[in-house]
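Novice: Quick one, structure for this:
(one chain, ligands or ions: 1)
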Amino acid sequence: MQKHWQTKLIHSDAQVPQGFRSLSVPTFRASTTLFNDAAAITDAWDQYEAGYTYGLYGTPTTLELAGRICELEGGYRTIITAGGHGAIALINLALLQSGDHVLLPESVYAPNRRLANDLLRRFGVEASYYAPDAGAGIARLMRPNTRLVWCESPGSITMEVQDVPAIVEAAHRAGALVALDNTWSAGVYFDAFAHGVDVTMQALTKYVGGHSDLLLGSVTVKERKTYERLGVTHKLLGCAASPDDCNLALRGMKTLAVRLEKIQTSALTIAGWLAERPEIERVLHPALASCPGHELWKRDFTGAAGVFSIVLRQGIGKPQVLDFVNSLELFKIGYSWGGVTSLAVAYDFSHHRGRAEYGHRIVRLNIGLESTEDLLADLAAALGRLG
Ligand SMILES: Cc1ncc(COP(=O)(O)O)c(C=O)c1O
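Specialist: So this is what the prediction gives:
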């Protein structure tokens, strides 16, 4: 067909050499995905079954990331979401319905608690909380309508390591599924499926992304029937992940092992050093005996990440805690963790049910890739101000 230039802008006949090979995964951006003929059109969400149907359900870039996360976690399939919290929301909305009950640990990531207390309750789902060290004792909290038990191990900020296999056993006996926020272990230091978990999620925003410049989540399942419930809900919610962010996450994955290794070593050195300081009452790092659930970490984990908390000694006032954080130079103040920059955030749990003992004296640290020696010097100077 003879084409005007306007048409050539859209339907070009330009040729490029074939056979290009590179080490990076291409970024496929798409809303429209083409079909071979009119009869082939479908909006089926499962791109493994139906082939590619619509960008919302994944492009080869999104599915490449999903496939690699799934491979690492040893699951059946992974769905990529537009943020870690999106992954949490997807699990809740896919696996719960009006009349159901969900159990969450007191140490759960706060937005998951808010989602349960607000959105889920509005939709007729009951939510209640259990002590993160409940273990097999969770059996007493199961109700006839409990359909989902959340675990987060270690818990957000207070770092309690949970007895996941014991919780799984009790939950399964009562007919409930178990979902785990496995972000801290980056999906590699805790083998969730080997420990009986049904669904895992990770905020890929953290260690997989690794550079504090993207937002992504993953939901990985052990079985096809759970995948179908999640896939259908994912389609209904219409929350697609950006292929550009997926590409950055794929790049992040290539250096995940070396980053985790260096961060682990540095965090252990720093945690051990902090444990000796007179200004500090307690270090909540799963690899230290002072952390609740340390024995479970030794039993179930194959490594430690670089996020942990410190509890400053009794008598230190809130203004002093804030001054300590403000006076750090290399540790920046900000949410999210798992990137290359060290971070510090002070929390006030004075009015938090189940965690009030830590009051305003708890500070969470994210250890980045700076020199360990410099980070120690920074902490020493800031602690020195506490007198
Ligand atoms: C344990 C945990 N889970 C989930 C999330 C949510 O991830 P995102 O920030 O990608 O929504 C976070 C973020 O801070 C987190 O710390």
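Novice: G368 against T341, yeah?
Specialist: Yes. If you go by CB atoms under 8 Å, G368 and T341 touch, sitting 4.6 Å apart. In this view, the C-beta of every residue, glycine as well, is placed from N, C-alpha and C.
Novice: Of these two, which one has the most company?
Specialist: G368 (23 against 16; other CB atoms under 10 Å).
Novice: what sits against whichever residue of the stretch 51-200 of the chain sits closest to the ligand?
Specialist: The nearest approach of the stretch 51-200 of the chain to the ligand comes at G84, 2.3 Å away (CB to the nearest ligand atom). Counting by CB atoms under 8 Å, 6 or more residues apart in numbering, G84 touches T183, M201, Q202, A203, L204, T205, K206, L215, L216, G217.
Novice: Most neighbours out of these, which is it?
Specialist: L204 leads the contacts of G84 on contacts (other CB under 10 Å) with 32 neighbours.
Novice: What distance do you get for that one to T78?
Specialist: 10 Å (CB to CB, to the nearest Å).
Novice: between the two, what contacts are shared?
Specialist: In contact with both L204 and T78: I69, S218, using CB under 8 Å, 6+ apart.
Novice: element containing A89?
Specialist: Element membership for A89, per DSSP states H and E: helix 84-95.
Novice: roughly how far out does that helix sit from the chain middle?
Specialist: 12 Å (CA atoms, centre = their mean, to the nearest Å).
Novice: how about stretch 167-185: buried residues?
Specialist: 167-171, 174, 176-185 (16 or more other CB atoms under 10 Å).
Novice: Quote the end-to-end distance of that stretch.
Specialist: Using CA to CA, to the nearest Å, the end-to-end distance of stretch 167-185 comes to 18 Å.
Novice: does any part of it sit near the ligand?
Specialist: Yes. With CB under 6 Å from any ligand atom as the measure, stretch 167-185 is seen reaching the ligand through D181, T183.
Novice: what does the model give the residue of the stretch 51-200 of the chain closest to the ligand for pLDDT?
Specialist: pLDDT recorded at G84 is 98.
Novice: same check, this time on H352
Specialist: pLDDT, H352: 81.
Novice: Assign it to helix, strand or coil.
Specialist: coil (DSSP: H, G, I helix; E, B strand; the rest coil).
Novice: W337 too?
Specialist: coil.
Novice: Relative to S309, how far out is it?
Specialist: When W337 is compared with S309 (using CB to CB), they lie 11 Å apart.
Novice: What segments of this structure are strands?
Specialist: Ranges of strands within the chain are 77-81, 101-105, 126-130, 146-152, 177-181, 199-203, 217-221, 280-284, 307-312, 343-347, 362-366, based on DSSP state E.
Novice: could you check the angle strand 343-347 makes with the last one?
Specialist: To tie it back to what came earlier, the one meant is strand 362-366. Interaxial angle, strand 362-366 versus strand 343-347 (axes from the mean of the first three to the mean of the last three CA atoms, to 10 degrees): 160 degrees.
Novice: Beta-bridge partners for the closest residue to R361 other than its chain neighbours, please?
Specialist: Spatial nearest neighbour of R361, chain neighbours left out: L312 (4.3 Å); criterion: CB to CB, 6 or more residues apart in numbering. With DSSP bridges applied, L312 shows beta-bridge pairing to I280.
Novice: show me the contacts for L312.
Specialist: E279, I280, E281, Q320, V321, F324, R361, I362, V363, L386.
Novice: what's the spacing between the nearest residue to V197 once chain neighbours are set aside and C291?
Specialist: In space, and not counting its chain neighbours, V197 is closest to L180: 4.6 Å by CB to CB, 6+ apart. Separation of L180 from C291 (CB to CB): 18 Å.
Novice: what about the closest residue to the ligand within the stretch 251-387 of the chain, neighbour count?
Specialist: Residue nearest to the ligand within the stretch 251-387 of the chain: S336 (5.3 Å; CB to the nearest ligand atom). Number of residues near S336 (other CB under 10 Å) recorded here: 15.
Novice: Let me know the pLDDT of N366.
Specialist: 98.
Novice: which residues does it bridge with?
Specialist: V307, L343.
Novice: OK, contacts around it?
Specialist: G306, V307, W337, G338, G339, T341, S342, L343, A344.
Novice: Around the ligand, pick out the residues from the stretch 51-200 of the chain.
Specialist: Counting by CB under 6 Å from any ligand atom, the stretch 51-200 of the chain sits next to the ligand at G83, G84, H85, Y109, S156, D181, T183.
Novice: Nothing else from me, thank you.
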